[in-house]
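A.B. asks: Predicted structure and sequence below. I'll ask about it afterward.
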Amino acid sequence: MKYNMEKELDWGNLSFGYIPTDYNVRCYYRDGKWGEIEVSSSETVTMHIAATSLHYGQEIFEGLKAFRGKDGKVRVFRLEENAKRIIESAKGIMMAPVPVELFTEMVKKVVKLNERFVPPYGSGASLYIRPLEIGMSAQVGVKPATEYLFLILVTPVGPYFKEGFKPTNICIMREFDRVAPKGTGRWKVGGNYAASLDAGERAHSLGYSAVLYLDPKEKKYIDECGPANFFAIKGGKYITPASESILPSITNNSLMQLARDMGIEVEQRHIPLEELAEIDEAAACGTAAVASPVAEIDDIDTGVKYVVSKDGKPGPVVTALYNKLRGIQLGEEEDIHNWNTIID
């Protein structure tokens, strides 16, 4: 199903879901090398029933966005960082890494081909870009594939959290671990997200927007916040967890740089659970949400409630960082770090 854009898409009220677009782009790895870029209008992939992605989880992905700026130009945010991160994910589970140049060319191509789906400036929506690599070889033995498919699809999306930039409540559950110590947490592997579904759905049923996981080894320190990184403002400092189990968030890294630009000291370190009683502001951050402010953190197991937002509003530092990052993405703020790639 293809859309008549003007009649069918309500740009200001898009959900964070899948909407068909005109094209996706694909490239196959065979005989030890990547082939030519292919343009497809099909929404399906044909694969062998014994493909390693289906049986042994050889599947990695990325998420990034394209924005239409105030000047009408289309910008993709921090494209090369996603290219570098998917290489690390590929190495982590023995897949063929996609060269940065190929990744970059395919992102530019798929955005250009689907430019009519980049939401208009001021709508609050964006074009979500989903690169995906999967093992294609037919194998029954547990070993890496020799053939891979790398594809990129795009779809226009609204805010990840339907509440928008408003504080939400999150919860701590010790019953669940997102990943294992020394496991796949630092790579963007589909299985990490499968492991979080039960906890996430349980949290939603209790009225929380996400689960704030504790470290999987000792259950003493703050880890990730559902599908996002966690950061807090404490005594004028930006603090965020340091752990081998946490996916290095490009958004978090960007916010840390912006905090430094603003003269805010940044600390990446272990954050003991008890320290939540001392924080002034907090947020979950990632590509999908940018920064989602936290109102309250409820420890379901102990009954302790950490009230972060006393007035139910986002804190001043989180708000400033959010506005600055969004301004850069939309071309409203000077891009002094050259984070944007303009699609022309």
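C.D. replies: Perfect, thanks for sending it. As the structure is a computational prediction, the values presented were derived from the model and not from experiment.
A.B. asks: And stretch 254-271, end to end?
C.D. replies: End-to-end distance of stretch 254-271 (Cα to Cα, to the nearest Å): 20 Å.
A.B. asks: pLDDT below threshold where in the stretch 101-250 of the chain?
C.D. replies: By pLDDT under 70, the weakly predicted segments of the stretch 101-250 of the chain are 161-163.
A.B. asks: which residues sit against the helix or strand harbouring residue 293?
C.D. replies: For residue 293, the host element (DSSP states H and E) is strand 290-299. Strand 290-299 is contacted from outside by 160-161, 163, 165-172, 208-210, 212, 228, 251, 255, 273, 276, 281-285, 304-309, 312, 314-315, 318-319, 321-322, 325-326, using Cβ atoms under 8 Å, 6 or more residues apart in numbering. For glycine as for every other residue, the C-beta is placed from the backbone atoms N, C-alpha and C.
A.B. asks: So which of those residues are in strands?
C.D. replies: 168-172, 210, 212, 281-285, 305-307 (DSSP state E).
A.B. asks: Widest-spaced pair of the residues you listed?
C.D. replies: 285 and 305 (22.3 Å; Cβ to Cβ).
A.B. asks: returning to what we had before: pLDDT on the strand holding residue 293, on average?
C.D. replies: Mean pLDDT, computed over strand 290-299, is 96.
A.B. asks: what are the pairing partners of that strand, and which direction each?
C.D. replies: Applying DSSP bridges to the sheet, strand 290-299 is found paired with strand 168-172 (parallel), strand 281-286 (antiparallel), strand 305-307 (antiparallel).
A.B. asks: circling back to that earlier point, could I have the ChimeraX command that selects the buried members from the contacts of strand 290-299?
C.D. replies: Command for ChimeraX, covering only those of the contacts of strand 290-299 found buried under the criterion 16 or more other Cβ atoms under 10 Å:
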select :160,161,165,167,168,169,170,171,172,208,209,210,212,228,251,255,273,276,281,282,283,284,285,306,308,309,314,315,318,319,321,322,325,326
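A.B. asks: before we move on, back to that, send the alpha carbons of the strand holding residue 293 over as PDB?
C.D. replies: Provided in PDB are the C-alpha atoms of strand 290-299 (Å, rounded to 0.1, in the frame of the first residue of the first chain):
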ATOM      1  CA  VAL A 290      16.100  12.000  22.000                       C
ATOM      2  CA  ALA A 291      15.500  12.700  25.700                       C
ATOM      3  CA  SER A 292      12.500  11.500  27.700                       C
ATOM      4  CA  PRO A 293      12.400  13.300  31.100                       C
ATOM      5  CA  VAL A 294      11.800  11.200  34.200                       C
ATOM      6  CA  ALA A 295       9.200  12.200  36.800                       C
ATOM      7  CA  GLU A 296       9.600   9.400  39.300                       C
ATOM      8  CA  ILE A 297      11.600   6.100  39.600                       C
ATOM      9  CA  ASP A 298       9.700   3.500  41.600                       C
ATOM     10  CA  ASP A 299      11.600   0.500  43.000                       C
END
